[in-house]
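Engineer: Let me see the structure of the following:
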Amino acid sequence: MLDLELLRSFVSVVDAGGFTRAGERVHRTQSTVSQQIKRLEEDVGQPLLIRSGKDVSPTEAGERLLSYARRMLSLAEEARDVLSRPGSEGAIRLGITEDFAAYRLTKLLATFARSHPSLRLDVHAGQSLILYRDLERGDLDLALIKRAANEKGGIAVWPERVHWVTSKSYPRDTSTGSVPLIGFAAGCLYRAGAIHALESAGRNWHMAYTSSSLAGIQAAVAAGLGLSILSEMSIQTEHRVLTAKDGFAPIDRTEVALVAAPEASPATLRLADRLAEYCDTVQAKAA
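Structural biologist: Sure, this is the predicted structure:
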């Protein structure tokens, strides 16, 4: 009989790519997780992970076990839910930034909702500042937000890659005069970072286009109305990335943080696990 807790730690190590981040995910120390993996390998009688420095990857046996482990954990969660909540599972109020809302994350959320038919998923897309405020005052259960690097708190954190961008077809000449900026309204992390970077360099700027939607910002950049700062996932083929050679130094580092309310429900924490797995995958592909 395979121990579900050992399987949970094994899946977390594979998804996170290491013992330290896996320990944060399952709320255990790195040494505890390492001991659990050792016990699991003893139970199955063969090595499950290839260890290379801080990085780990599954062996052939580990790959085979991984799919079974995911199914066993999923069934265990489903059985627990059915027994603990014979009726409705309640609701999860999730806040996400618009770039996550516009891309693959919507598919993940739809899959999660279909697998939990008695659960009501209430998703809000907006600026990180507003989402974090809503989380603090109890209007959200879970939020995936952007923030300045190295802030404290959160279930998991990932470094973010952001860039200055201009139009590929209609680039603006910013060698002289005021730099035209495109972005969200005041309070946006990227807008504040762009302004800080320009003022630190002694350059003048003005807001050329303010939008409440990511699609509007992307279109304005593509049309050549000005410059903006976008995450890598939001940069389109019509955009050109600007570098220090173009006179635009990198802005202050930012990160993506997954933050839950203090009294988050089991269903909320399960969704948090799915979101963390997604962000781990995105981070691994970008590395």
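Engineer: so the nearest residue to L227 once chain neighbours are set aside, which of the three states?
Structural biologist: With Cβ to Cβ, 6 or more residues apart in numbering as the measure, T166 is the residue that lies nearest to L227, at 5.2 Å, once sequence neighbours are left out. Every C-beta, even on glycine, is put in place using the N, C-alpha and C of the backbone. Here T166 is recorded as strand under DSSP: H, G, I helix; E, B strand; the rest coil.
Engineer: So what sits opposite T166 in the bridge?
Structural biologist: The partner list for T166 in beta bridges (DSSP bridges) reads R240.
Engineer: Let me see the contact set for it.
Structural biologist: 172, 174, 221, 224, 226-227, 239-240, 242 (Cβ atoms under 8 Å, 6 or more residues apart in numbering).
Engineer: What of S34?
Structural biologist: S34 neighbours (Cβ under 8 Å, 6+ apart): F19.
Engineer: likewise T59?
Structural biologist: With Cβ under 8 Å, 6+ apart, T59 has these contacts: 46-50.
Engineer: okay if I get the residues you listed as TSV plus distance to H196 and neighbour count?
Structural biologist: Output for the contacts of T59, formatted as TSV (distance: Cβ to Cβ, whole Å; neighbours: other Cβ atoms under 10 Å):
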residue	distance to H196	neighbour count
Q46	53	12
P47	49	15
L48	47	24
L49	43	20
I50	43	12
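Engineer: For stretch 170-188, list every residue counted as buried.
Structural biologist: Going by neighbour count (16 or more other Cβ atoms under 10 Å), the buried part of stretch 170-188 is 172, 174, 179-184, 188.
Engineer: Out of those residues, which one has the lowest pLDDT?
Structural biologist: pLDDT across the buried residues of stretch 170-188 is lowest for T174, at 82.
Engineer: ok so, going back, closest one of the contacts of T166 to E5?
Structural biologist: H239 (46.0 Å; Cβ to Cβ).
Engineer: Between which two of the contacts of T166 is the distance greatest?
Structural biologist: Across the contacts of T166 (Cβ to Cβ), the longest gap, 15.0 Å, separates T174 and H239.
Engineer: V165 touches L227, doesn't it?
Structural biologist: Yes: with contact defined as Cβ atoms under 8 Å, V165 counts as touching L227 (6.8 Å).
Engineer: Touching both of the two, which residues are there?
Structural biologist: Joint contacts of V165 and L227 (Cβ under 8 Å, 6+ apart) are 221, 242.
Engineer: Tell me the secondary structure at I229.
Structural biologist: I229 is classified as strand under three-state DSSP.
Engineer: just the strands in the protein please.
Structural biologist: 49-52, 55-58, 90-96, 119-125, 142-148, 156-160, 162-167, 179-183, 205-210, 228-231, 239-242, 254-260 (DSSP state E).
Engineer: Starting from the third one, tell me which strands it pairs with and how they run.
Structural biologist: So that's strand 90-96. Partners of strand 90-96, by DSSP bridges, with direction: strand 119-125 (parallel), strand 142-148 (parallel).
Engineer: ok, now the first one?
Structural biologist: Here strand 49-52 is paired, per DSSP bridges, with strand 55-58 (antiparallel).
Engineer: And the contacts of the partner strand?
Structural biologist: So strand 55-58 is in contact with 13-14, 17-19, 48-50, 65-66, going by Cβ under 8 Å, 6+ apart.
Engineer: Same check on stretch 7-25?
Structural biologist: Counting by Cβ under 8 Å, 6+ apart, 26, 28-30, 32-34, 36-37, 40, 48-49, 54-58, 62, 65-66, 69-70, 72-73, 155-156, 273, 276-277, 280-281, 284 sit against stretch 7-25.
Engineer: Please consider this matter closed, and thank you.
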